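A.B. asks: kindly generate the corresponding structure for this input.
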Amino acid sequence: MSGVFQENFTKAFNGNSIHCANNNQPGGISKKRKIEETMDATGERLFIRGRSFLPVRGGCDVFSTEDWKPTGTSLFCPVKQDVYVNLHKYDQITAAQGSFFTADEGGDFQSSVVGHVIHLWRFDKVQRKQYISQSFLFTNQQEFMRVQTFLQNI
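C.D. replies: Below you'll find the predicted structure:
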């Protein structure tokens, strides 16, 4: 990641907003970029075939929703398995913290929890506006910091 982009990323991420360059836009991230860094001791690659994948570990402290409601009434369902999110599909990434609602495996309300959420935004060409396509809720501070560090190193 270039120094300017990393500096802007850090400022924006700490301020709960970040804009990620997209390959479809001028000045986007090069498709042929190679990187040899690893996420952790398991040797998971940051980039696979020119695509950037965000590894999200499934577990009892990670939740996801594809139905974000600005009223704060979205239900986050548990992420049971590891997920790799293709970051090139999204135009912007934002982060927030607060209280959120979690659901059980059946999708029924379970509890209200405090945590950090990462929103993945896309642009709707028909309605000509951005919307939150997917959100991940982390109730474990350490796991959120791992994901934040990963995003800063892109």
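
A.B. asks: counting contacts, what elements does the single longest strand found in the chain pack onto?
C.D. replies: The residue-count maximum for a strand in the chain (DSSP state E) belongs to strand 109-124. The helices and strands touching strand 109-124, judged by 3 or more CB pairs under 8 Å, 6 or more residues apart in numbering; DSSP states H and E, are strand 92-103, strand 129-138, helix 141-152. To be clear about C-beta, it is placed using only N, CA and C from the backbone, and glycine gets the same treatment.

A.B. asks: to P70, which of those lies closest?
C.D. replies: Among the helices and strands packed on strand 109-124, the nearest to P70 by CB to CB is strand 129-138 (8.6 Å).

A.B. asks: contacts for that closest one?
C.D. replies: For strand 129-138, the surrounding residues in contact (CB atoms under 8 Å, 6 or more residues apart in numbering) are 56, 61-66, 68, 74, 76, 79, 85, 89-92, 100, 102, 113, 115-124, 144, 147.

A.B. asks: still on that earlier bit, run the angle between the longest strand of the chain and strand 92-103 for me.
C.D. replies: Computed by axes from the mean of the first three to the mean of the last three CA atoms, to 10 degrees, the angle separating strand 109-124 from strand 92-103 equals 160 degrees.

A.B. asks: may I have the strands that pair with strand 109-124, each with its orientation?
C.D. replies: Taking DSSP bridges as the criterion, strand 109-124 sits next to strand 92-103 (antiparallel), strand 129-138 (antiparallel) in its sheet.

A.B. asks: tell me the angle it makes with helix 141-152.
C.D. replies: Going by the same axes, to 10 degrees, strand 109-124 makes 10 degrees with helix 141-152.

A.B. asks: now do strand 109-124, average pLDDT.
C.D. replies: Averaging pLDDT along strand 109-124 gives 96.

A.B. asks: okay, stretch 100-112 in CSV with CA atoms only?
C.D. replies: Only the C-alpha atoms of stretch 100-112 are listed here, as CSV (Å, rounded to 0.1, in the frame of the first residue of the first chain):
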residue,chain,number,x,y,z
PHE,A,100,-26.3,-4.2,17.6
PHE,A,101,-28.8,-7.0,17.5
THR,A,102,-27.7,-10.6,17.0
ALA,A,103,-29.8,-13.6,15.9
ASP,A,104,-29.5,-17.3,16.5
GLU,A,105,-28.9,-19.8,13.6
GLY,A,106,-32.6,-19.7,12.8
GLY,A,107,-32.6,-16.0,12.3
ASP,A,108,-34.6,-15.2,15.5
PHE,A,109,-33.5,-12.4,17.8
GLN,A,110,-31.0,-13.6,20.5
SER,A,111,-29.5,-10.5,22.2
SER,A,112,-28.1,-7.0,22.0
